[in-house]
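Q: The sequence isn't on hand, but the structure is:
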């Protein structure tokens, strides 16, 4: 039976609002009702999604950088979003997946409300919501974001991409830092088991990231 590659729903802010309105002004006769009503106090810094049997879960949403509008403009100036697959990018992610023995490797570009994959190995999806993206957490630093075990990380252990398909357990994202200083996205590696990267691994990942940047920025400069 055909299904979404991730088998999850996007962040359900409208449904959350409906649920809160439903419980507003209602006498809280049981602990479960009280628990749901208290969710509104977490709205500012949490995202919510529907899990099995309609249970509401919470997770840390990817933060929005202070200068995100300028970052988005720098990304869109590359004229790369929603372009067809290209062999020059596909070869980089294929090499990364093989070199690190990872089931998933991506070039992820973080747009206003989504992360879009310019190149991918191991996933059928072309994009996911920005709110649940791992790469969205890598936008404010030039350092590689490494999550050795998502089950032990408070930012990600309740993320629907961890609790459901593709069952992310390990993540490493090398930021794609543009000449403007803004981060367009990442070259990232994903596994379904805990992992680590040694200094040589990090050097190789960063070298591959630099190749991606050369393709992204070099072509744009020559346009």
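A: Structure received. Fair warning: this is a prediction, and the values are worked out from it, not measured in the lab.
Q: residue boundaries of the strands in the protein?
A: All strands of the chain, identified by DSSP state E, fall at 46-50, 56-60, 104-110, 114-121, 127-129, 145-147, 170-177, 183-191.
Q: between the ones you listed, which gets nearest to residue 91?
A: strand 114-121 (8.5 Å; CB to CB). C-betas here are computed from N, CA, C, even on glycine.
Q: Given that closest one, what are its sheet partners and their directions?
A: strand 104-110 (antiparallel), strand 127-129 (antiparallel) (DSSP bridges).
Q: Of those strands, which is nearest residue 152?
A: With CB to CB as the measure, strand 104-110 is the member of the strands paired with strand 114-121 nearest residue 152 (19.6 Å).
Q: about what we covered before: can I get the strands of the chain in a markdown table including mean neighbour count, mean pLDDT and distance to residue 154?
A: Formatted as a markdown table, the strands of the chain follow (neighbours: other CB atoms under 10 Å; pLDDT from 0 to 100; distance: least, CB to CB, whole Å):
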| stretch | mean neighbour count | mean pLDDT | distance to residue 154 |
| --- | --- | --- | --- |
| strand 46-50 | 20 | 41 | 12 |
| strand 56-60 | 16 | 60 | 7 |
| strand 104-110 | 25 | 98 | 21 |
| strand 114-121 | 22 | 98 | 21 |
| strand 127-129 | 20 | 95 | 20 |
| strand 145-147 | 20 | 98 | 11 |
| strand 170-177 | 24 | 98 | 14 |
| strand 183-191 | 27 | 98 | 19 |
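Q: Reformat those as a markdown table; add distance to residue 206.
A: Listed next are these as a markdown table, based on distance: least, CB to CB, whole Å:
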| stretch | distance to residue 206 |
| --- | --- |
| strand 46-50 | 30 |
| strand 56-60 | 26 |
| strand 104-110 | 14 |
| strand 114-121 | 17 |
| strand 127-129 | 24 |
| strand 145-147 | 12 |
| strand 170-177 | 6 |
| strand 183-191 | 9 |
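Q: Which of those strands sits closest to residue 75?
A: So among these, strand 183-191 is nearest, using CB to CB, at 4.7 Å.
Q: Report the angle between the closest one and strand 114-121.
A: For strand 183-191 against strand 114-121, the angle by axes from the mean of the first three to the mean of the last three CA atoms, to 10 degrees is 50 degrees.
Q: Now for residue 103: which residues touch it?
A: Applying CB atoms under 8 Å, 6 or more residues apart in numbering to residue 103 gives the contacts 97, 122, 190-192.
Q: can you give me the helices for this structure?
A: Secondary structure of the chain (DSSP state H): helices located at 13-23, 31-38, 68-76, 87-100, 160-163, 199-222.
Q: so residue 205 makes contact with residue 146?
A: No: here residue 205 does not reach residue 146: they are 9.6 Å apart, not a contact under CB atoms under 8 Å.
Q: what touches both of these two?
A: Residues within reach of residue 205 and of residue 146 at once, by CB under 8 Å, 6+ apart, are 172, 197.
Q: tell me the contacts of the most centrally placed residue in the chain?
A: Nearest residue to the geometric centre of the chain (CA atoms, centre = their mean): residue 133, 1.8 Å. The neighbourhood of residue 133, defined by CB under 8 Å, 6+ apart, consists of 62, 108, 110, 115.
Q: Spatially nearest residue to the third one (excluding sequence neighbours)?
A: Once flanking residues are discounted, residue 110 sits nearest to residue 185: 4.9 Å by CB to CB, 6 or more residues apart in numbering.
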